[in-house]
Every structure is written in structure tokens, then in C-alpha cells.
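Q: Provided below are the primary sequence and the corresponding predicted coordinates.
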Amino acid sequence: MSLDETSGRIEVFCDTSVLISYVLDQNNVGAREILLDPEIEKVISEKVNEEFQRVPDRKDEIYFDFIDVVTSEDENISEQKAETRDYLKKNDIGFFETLREEITEGESKKEKMRILREVQKVADRRHGRVQEIVGEPYPQNDDMSLLFRLGQEIDNQDDCQVICDAVGWTLDGGEGKFATLDKHDLIYNEKRINKAIESKKGPQGTLKISPPDDYLAA
């Protein structure tokens, strides 16, 4: 669906990082507003949906990790470090650190456990809400030539697939607007990524790779 001038609605392809930021309450206003804005049609792909469906399990790992810390007589919550947790993905680190600070504010074990439970409930509600917002995912783009070329510019294989999916959507009539919070691999790398896309699909397949804020109404 392209821009509907009568309604003012636009389409934006959302990277997994945008969905996760909202669900895990990582204080990114742009991510929250783009997902909740009724004038923006949110598009995700099967790959984004696959990554998003793993969020509850990763959230639970963090949750049970902190339960062990809270109930331990030897562990100090404020000393818990994200870098010592091999199970954390880059999108989980902010949530881990924020939750650690919130739990530290609890004056007793009972209060710390209450904070944990409340955070868990909020994340569960937001996960369900996002599933309703984004709707049916766009099919995976299996263009191996494009995937290989993107892999020369993007280190992460999953990111390559998501970008490839966004290109497929764009060539199928999408607007080419891609929202992400991944500055290092995607936003700062926009020119090189689009050069790779153009070499395989022409300029019509290129993307505007930006943080969510860029797509919000002034």
C-alpha cells in the first residue's frame, strides 16, 4: 500500500529493535509513538516476526535470572553486569540494566519481587498489543543474490534477511521507509547498504533507513 493522500496514512517497515524497545519499555519515545500512531501502517516480515516471538522467552530468562539474585544471600543486585550474561542479545541489554536499577530501589526482598512481577506483566501486555498492531507479516524474500551482496556490508545475517525482506516489500509497492534503532549496523551504514541494493535491484529498491522519530508527524 502506498501513501494514501486522502487519509494521510503512510507505511513504515519496522525492524525488530523497534518492537522490542516498546515491549521492554526501553524509554525510546519514537519507537512507542510509531507503533501507537493510527496514521502509520506498521509492516514487519516473517523474519522480524520470528525474532519478535522469541522475546517472551528472553524476557523470562532475565526475569528468572533476577529472581535468583533477589533470593540469594550472597548476590548484590547493583553489581549484576549485562556483559557477564551470554544469553543476552544486544536488544536485551537496555532492559536488563533498567530492570536492575528498578529492583535496586526496592527496600526489601518482597518489594523487589513485586517490582519484578509488575515489569513482567507490563511486558506481556505490550507484547500482545504489538501483535495486534502489526498484523500479518510480509513473506520472506529469498533473493540469494541480494542476500549475498548485503552480507558484504552487514555483519549480522539476521539483519541481512530483514533488509532483504524490506527491499522485497518496497519493490512490491511499499514506500521504502525502514524504521530501526540499530545505529551501528544499519542507520550509519545506510549509504553502503543502498549501494548494495541498487547494484542488484536498481534505485527503486533502495530504503530510507532511519530511527522511528523521522517518520512521526511534526
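A: Ah, there it is.
Q: all helices of this structure, in order?
A: For the chain, the helices defined by DSSP state H occupy 16-23, 29-36, 46-53, 55-71, 93-104, 109-134, 144-151, 157-171, 190-201.
Q: any idea of the pLDDT on the residue of the chain positioned farthest from its centre?
A: Ranked by distance from the centre of the chain (CA atoms, centre = their mean), the top residue is Glu73, with 35.4 Å. Looking at Glu73, its pLDDT stands at 82.
Q: so how far is Phe66 from it?
A: Separation of Glu73 from Phe66 (CB to CB, to the nearest Å): 15 Å. Where you see a C-beta, it was placed from the backbone N, CA and C, and this is true even at glycine.
Q: Same question for Ile10.
A: 39 Å.
Q: and the two? which has more neighbours close in?
A: Phe66 (23 against 17; other CB atoms under 10 Å).
Q: ok, the more buried one - contacts?
A: Ile77, Gln80, Leu99, Arg100, Ile103, Leu116 (CB atoms under 8 Å, 6 or more residues apart in numbering).
Q: okay if I get these as JSON lines plus pLDDT and neighbour count?
A: Formatted as JSON lines, the contacts of Phe66 follow (pLDDT from 0 to 100; neighbours: other CB atoms under 10 Å):
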{"residue": "Ile77", "pLDDT": "90", "neighbour count": "18"}
{"residue": "Gln80", "pLDDT": "93", "neighbour count": "18"}
{"residue": "Leu99", "pLDDT": "90", "neighbour count": "24"}
{"residue": "Arg100", "pLDDT": "92", "neighbour count": "18"}
{"residue": "Ile103", "pLDDT": "92", "neighbour count": "21"}
{"residue": "Leu116", "pLDDT": "92", "neighbour count": "20"}
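Q: doesn't Tyr63 make contact with Phe95?
A: No - using CB atoms under 8 Å, Phe95 makes no contact with Tyr63, being 10.3 Å away.
Q: Between the two, tell me which one has more neighbours.
A: Per other CB under 10 Å, whichever of Phe95 and Tyr63 has more neighbours is Phe95, with 23 against 16.
Q: For the more buried one, which non-adjacent residue is spatially closest?
A: Of all residues not flanking Phe95 in the chain, Leu24 sits nearest, at 3.8 Å (CB to CB, 6 or more residues apart in numbering).
Q: For the one you found, list the residues it contacts.
A: Contacts here follow CB under 8 Å, 6+ apart; on that basis Leu24 touches Val55, Lys59, Asn91, Asp92, Gly94, Phe95, Ala123.
Q: what do you get if the cut-off is 10 Å, keeping everything else the same?
A: 55, 58-59, 62, 91-92, 94-96, 98-99, 119, 122-123, 126-127 (CB atoms under 10 Å, 6 or more residues apart in numbering).
Q: Is there a quick PyMOL command that grabs whichever of those residues are buried?
A: Per 16 or more other CB atoms under 10 Å, the buried members of these correspond to this PyMOL selection:
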select buried, resi 55+58+59+62+91+92+94+95+96+99+119+123+126+127
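Q: tell me which of the contacts of Leu24 is nearest to Asp185?
A: Among the contacts of Leu24, Asn91 lies closest to Asp185 (CB to CB), at 11.9 Å.
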